[in-house]
Structure formats: structure tokens, C-alpha cells
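> one predicted model, sequence on top.
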Amino acid sequence: MLVEDAAGFHAWFAERGAAHRYRIAPAPLHALDGWETEAGTGRIRHRSGRFFSIEGLRFQRPDPAVPAWTQPIIQQPETGILGILVKRFGGVQHLLMQAKMEPGNINTLQLSPTVQATFSNYTRVHRGAAVRYVDHFLTPGAGDRVHYDALQSEQGSWFLGKRNRNIVVETTGDVPVHEDFCWVPRPVMAGLLRVDNLVNMDSRTVLAGLPDEPGAPEHPAGRPLHDTAALLHWFTGAKVRHRPERRLVPLGEVGGWHRDEERGEIVHDAGRYFRIIGVDVEADSREVASWSQPMLAPVGRGVIAFVSKEIQGERHLLVQARAEAGTFDTVELGPTVQCNPGNLAEGAPRPPYLDAVLAAPPEQVLFDTIHSEEGGRFYHAENRYLVVDGTRIPLEVPEDYRWMTVRQLTRAGLVGNIVDVEARTLLACVRTLPGHGAGR
């Protein structure tokens with residue numbers, strides 16, 4: 001299928017949603033088919049030893065004023081592939097996208113990359129159907145050109161050291177298109193990023209690395225507030241300052257959490273953060289028609305935001321050096337604001353810039369969309385993604401914050417484990433805004 005405009009896309013997407021049958025039902029953790037709770041540790045793992053496990057983690061920052069904590073976390077050592085195939089039709093770049101069901105999607109079906117597969121999936125550990133189009137990314141052919149290839153991290157507060165390979169490949173060859181896939185024009189794709197809960201997280205992280213079109217107009221370049229050497233000095237210093245300690249602990253000994261035997265879930269004692277739940281799934285469009293699994297279900301909706309400001313004639317974004325419990329390389333560049341306000345304890349300090357973002361008048365809000373997080377591991381996980389004009393925000397910022405130009409952050413994002421997945425989502429959105437182009 002090849003669509004020409006947004007109306008054509010939405011008609012195709014609605015048709016695909018009606019074409020398949022899906023069922024997602026809650027199930028207690030102890031009753032999940034193929035999964036077991038390990039005696040002695042409480043760890044939840046698949047009996048095959050593959051896919052992923054739910055572990056306990058202890059995290060301690062070097063700052064004595066910040067207490068250590070323990071929490072459940074997902075450990076998935078496999079490196080999957082997230083790939084978008086690009087081809088030109090009539091001189092316009094089109095992206096091969098997939099209408100894909102994930103059990104955690106709040107609306108079941110969302111727009112996925114051409115390939116979204118774990119190592120176990122594309123090596124067919126589950127003995128299911130082959131992953132379509134994966135050879136373009138594993139062994140590109142004579143008509144394929146690799147534009148972008150990096151190992152990128154995922155949510156450091158929920159995953160332990162999780163990375164996926166993000167790839168963009170442009171092809172000139174013939175590509176037979178399955179009915180659940182669609183060639184989407186790049187300009188239409190930019191508009192779809194403004195639709196709530198449509199473009200999934202795996203698509204957004206790859207779109208952040210999509211190169212500019214050849215011949216795209218260059219945005220007037222001013223001067224960055226900080227040059228690359230200064231930013232690297234600051235970022236390296238942040239890694240040294242934060243250097244947290246973390247280690248796996250038995251899941252059954254994670255303090256502040258308990259297993260609700262009646263509901264078959266793991267929950268926080270104060271009802272904050274997230275729950276670990278189980279689901280039984282049926283999906284006639286997937287490589288395997290039915291399965292069971294644990295999932296992480298966040299409590300409430302988060303706020304992810306960039307403050308954007310023109311400085312010295314060039315558009316800048318306010319980033320933070322952010323350490324999370326599961327981050328692969330200690331610290332990554334995150335958005336200005338990245339938190340769930342509902343998780344803040346009464347009387348706890350508010351994160352910098354949170355209130356400024358939430359109180360921004362409509363004329364200062366440049367982007368505002370609800371996006372879902374990865375539906376294969378997270379159940380109904382949503383964040384409100386914003387870009388807010390920061391004309392009134394001072395240039396002077398706290399130690400863990402710096403102003404970076406869009407082009408500086410885009411280039412940093414092409415290297416793995418530097419820009420976190422929340423910032424990459426926003427970067428994909430920022431690059432669609434007038435006057436915010438990366439110009440790389």
C-alpha cells in the first residue's frame with residue numbers, strides 16, 4: 001500500500017484495525033503460561049531462559065542527601081532491531097511503516113517501524129513466522145544504502161541497560177508490501193507525530209536519526225552558546241559526578257514493594273511509580289498467535305518537555321544530564337523536564353522547570369501531544385510530550401543543565417547511549433517545527 005496524503009493513511013490504518021482480532025486479558029503473575037517465579041529470589045523469568053526477566057535492583061547515588069532505593073526492573077539483555085526502510089516514489093521519500101498490535105498499547109494498534117523485533121523474535125526462538133523485511137537491515141543488498149545505524153538505549157527507569165539497534169536503510173529495489181504495511185510520504189509522517197497515541201516509541205526513536213532530505217533548505221545558522229568541546233567537557237564531568245552504584249538484588253527483598261497475592265501483581269507500598277502485572281494475549285496478526293507475559297504498568301501520565309529558546313540567532317534546547325537506575329552508561333542527555341508529577345511525595349522538591357512548563361500559556365506551547373511508550377513491555381504507558389518557548393527562561397541554568405542547538409543534539413543522537421529515548425522522541429517532533437530544523 002502506498003498513500004499520498006494523511007486522509008489516505010488514516011483510511012488504510014482504520015481498515016487494518018478492523019481486519020484483525022485481538023484480545024488482551026489480565027492474568028495473575030503466578031498463572032502466566034511459560035513463566036515462573038524463581039524460588040529463593042522471586043525473580044520472574046521465562047522457562048526458556050530467553051526474552052526478558054523481572055529482577056530487583058538497588059540504586060545509590062553518590063550524593064549522600066539522596067537516599068538509595070530498591071525497585072523491580074526489566075532485564076532484557078538481547079539487542080533487538082528497530083529499522084525503517086526508505087524508498088523514493090516520484091522523487092519523494094516514503095517510509096515503510098507497519099500497523100502493529102502490542103499488548104500494552106492503550107489503543108491496541110499503533111504505527112510501528114518496518115522491523116520491530118527482539119533477537120529472540122527474528123531468530124524465531126518462539127517458532128513463529130519469520131520477521132518480514134529484516135534482511136534489509138541484517139544483510140543489506142546491492143540496492144540498499146544504510147543511512148543510520150546505532151545502538152540506542154531505552155527507558156532507564158524501567159529497563160536495566162536495555163539497548164536496541166536503530167537503523168535507517170534506503171532501498172532502490174522492488175519491495176513487495178504486505179497488507180499490514182504502508183509506504184508513508186515523509187511530509188505526512190511529520191504530521192502524524194502530532195496525533196495522540198499513533199506513532200509508537202520504536203518508530204519515534206528511529207525517526208530521530210532519519211537524515212535530512214538532500215537539498216533540504218538550510219536554516220539560518222547563528223552561533224551556539226556552547227561549542228562541542230565545552231559540551232563534551234560538561235557531559236563527561238556529569239558522568240564523573242553522578243557515578244551511581246547499582247546491583248541486582250532478589251526481587252522478593254525489594255523494599256517498599258510487595259506482591260499482592262489476591263490480584264497477582266507486584267505493587268509499590270504507597271501506590272506510586274508502577275505495577276508489575278500479567279496479561280494473556282491473542283493476536284492473529286503477530287508471528288505467534290497467543291502468549292502470556294508480565295508487563296510494567298505505570299501509575300499516571302508523565303510529562304516530557306523541552307524548553308526551546310533562540311540564542312545568538314540559533315534555536316537552542318535546554319537539556320539535562322540525567323542519571324537513572326537502569327541507564328546503560330550512567331548518564332544520558334534528557335529533556336528539560338522528564339518526570340511523573342504524581343510520583344512526587346508531598347513536600348518533595350519539584351524538578352527544575354516543571355512548573356514553568358505546566359504553566360506555559362497556549363501561545364508559548366509549540367508542540368503538545370500524548371505519546372505511548374513501548375507497548376511490548378509497558379502497559380498503557382503514556383507521556384505528555386511538550387515543546388515550550390523559553391524566551392523568559394534565563395540563560396543561567398543549574399549545573400546539570402545546558403543549552404544545546406537542535407543540530408548539536410541531533411548529531412549527538414546519532415551516537416548510541418548519549419541521548420535518552422525520551423529526548424529522542426521529542427527531537428523527532430522538534431525537527432518538524434518551523435525554524436527548528438537540524439540543518440545537518
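Perfect, I can see it now.

> quick check: nearest residue in space to Asn105, chain neighbours excluded?
Sequence neighbours aside, Gly375 is the residue nearest to Asn105 in space, at 3.9 Å (criterion: C-beta to C-beta, 6 or more residues apart in numbering). Placement of C-beta: from N, CA and C, glycine included.

> residues touching the one you found, list them.
Each residue near Gly375 by C-beta atoms under 8 Å, 6 or more residues apart in numbering is listed here: 102-105, 110, 200-201, 381.

> one more pass at 10 Å, please.
100-110, 112, 197, 200-202, 295, 381 (C-beta atoms under 10 Å, 6 or more residues apart in numbering).

> and those, which of them are in strands?
100-101, 109-110, 112, 295 (DSSP state E).

> give the ChimeraX command for selecting the buried subset of these.
Of these, the buried ones go into a single ChimeraX selection, burial set by 16 or more other C-beta atoms under 10 Å:
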select :100,101,109,110,112,295
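
> out of the ones in strands among the contacts of Gly375, who's nearest Leu414?
Nearest to Leu414 among these is Ser112, at 21.8 Å by C-beta to C-beta.

> my read: the closest one touches Leu95, true?
No: Ser112 is not in contact with Leu95 according to C-beta atoms under 10 Å; the separation is 11.3 Å.

> what sits in contact with each of the two?
Looking at what touches both Ser112 and Leu95 (by C-beta under 10 Å, 6+ apart), the common residues are 84, 203.

> before we move on, the earlier item: for Tyr133, state which of the ones in strands among the contacts of Gly375 is nearest.
Ser112 (11.7 Å).

> which pLDDT does the model give that closest one?
As predicted, Ser112 sits at a pLDDT of 97.

> before we move on, the earlier item: backbone phi and psi for the residue nearest to Asn105, please?
Per-residue torsions, Gly375: phi -80, psi 0 (degrees, to the nearest 10).

> ok, it to Asp227 distance?
40 Å (C-beta to C-beta, to the nearest Å).

> likewise Ala150?
Taken as C-beta to C-beta, the span from Ala150 to Asp227 is 23 Å.

> with Gly313 instead?
From Gly313 to Asp227 the distance is 15 Å (C-beta to C-beta).

> same check on Phe328?
Phe328 is 27 Å from Asp227, by C-beta to C-beta.

> and Arg247, by the same measure?
Noted for Arg247: a distance of 38 Å to Asp227, by C-beta to C-beta.

> now Pro250
Taking C-beta to C-beta, one finds Pro250 at 47 Å from Asp227.

> got the contact list for Arg194?
Arg194 neighbours (C-beta under 10 Å, 6+ apart): 367-369, 429, 432.

> I'd like the residues you listed as CSV, with pLDDT, distance to Ala359 and secondary structure appended.
Converted to CSV, the contacts of Arg194 look like this (pLDDT from 0 to 100; distance: C-beta to C-beta, whole Å; DSSP: H, G, I helix; E, B strand; the rest coil):
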residue, pLDDT, distance to Ala359, secondary structure
Phe367, 97, 17, strand
Asp368, 98, 14, strand
Thr369, 98, 19, strand
Cys429, 96, 21, helix
Thr432, 90, 25, coil
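
> farthest-apart pair in those, please.
Counting by C-beta to C-beta, the most remote pair of these is Asp368 and Thr432, 13.3 Å apart.
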